[in-house]
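Enquirer: give me coordinates for this.
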Amino acid sequence: MIRRRLLVLAFAVAACSGSSHSAKYPRRAPGCPLEMYNGLPALKVWDDIGPVEVGCYLDESEVACLSRLRTEACRMGGDIVYNVPKKALRPIERGMIYRAMVAHTREVKKADETPAPADAGSGAVEPLLPTAPAAAAAPKPAATDGGGQ
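Expert: Here you go, the predicted model:
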């Protein structure tokens, strides 16, 4: 009986131990430097980490709620928060919610800077030529004249 309880407890702990932050970008300390955008970032490349959402009571100021959003973005390992709404959502009478996306800047590699090769279908059409002459490859049909004169 005790073994079963320990087994169930071990599964519960293993199920709850999943992390919501990226393995590529480790957690950062609260108050880390972040760039916040109301729309898309003004960068060429970035890696999305995931959505972030914080809920606050109306008794708190919007500044305090946005501070929670920043703290959560740092915990997720991001250095960019984008699509931050100008006004908080008000799903309930005494609460507000901010939802945004957390991302991390990515270094531009040479592969990102070079233009993509032209599409193979966008050039001129070149017909495929047979390797052997057509006359030798296909026999001529026999002339059958079904009539008599």
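Enquirer: confidence-wise, which helix or strand of the chain is lowest on average?
Expert: helix 2-16 (a mean of 42; mean pLDDT, DSSP states H and E).
Enquirer: any idea which helix or strand comes after it?
Expert: Toward the C-terminus, helix 2-16 is succeeded by strand 35-36 as the next helix or strand (DSSP states H and E).
Enquirer: what is the mean pLDDT for that next one?
Expert: Mean per-residue pLDDT for strand 35-36: 92.
Enquirer: do you know how far residue 84 is from residue 54?
Expert: 11 Å (CB to CB, to the nearest Å). All C-beta spots, glycine's among them, are computed from the backbone N, C-alpha and C.
Enquirer: got any residues that touch both of the two?
Expert: 69, 98 (CB atoms under 8 Å, 6 or more residues apart in numbering).
Enquirer: all helices of this protein, in order?
Expert: Remark: helices assigned in the chain by DSSP state H are 2-16, 62-76, 110-113, 134-137.
Enquirer: where does the protein have low pLDDT?
Expert: Along the chain, the parts satisfying pLDDT under 70 run over 1-22, 109-149.
Enquirer: hmm, 50 instead?
Expert: 3-19, 21 (pLDDT under 50).
Enquirer: pull the residues that contact stretch 77-90.
Expert: Stretch 77-90 has contacts (CB under 8 Å, 6+ apart) with 21-22, 24-28, 32-41, 43, 46, 49, 52, 56, 62, 65-66, 69-70, 73, 96-105.
Enquirer: are any of the residues you listed buried, and if so which?
Expert: By neighbour count, with 16 or more other CB atoms under 10 Å, the contacts of stretch 77-90 hold 21-22, 25, 28, 34, 37, 41, 46, 49, 52, 56, 65-66, 69-70, 73, 96-98, 100-105 as buried.
Enquirer: what's the spacing between residue 108 and residue 72?
Expert: Per CB to CB, residue 108 is found 27 Å from residue 72.
Enquirer: more neighbours: these two, which one.
Expert: residue 72 (19 against 11; other CB atoms under 10 Å).
Enquirer: beta partners of the nearest residue to that one once chain neighbours are set aside?
Expert: Counting by CB to CB, 6 or more residues apart in numbering, residue 72 lies nearest to residue 52, which is 5.1 Å off, once chain neighbours are set aside. Beta bridges link residue 52 to residue 100, judged by DSSP bridges.
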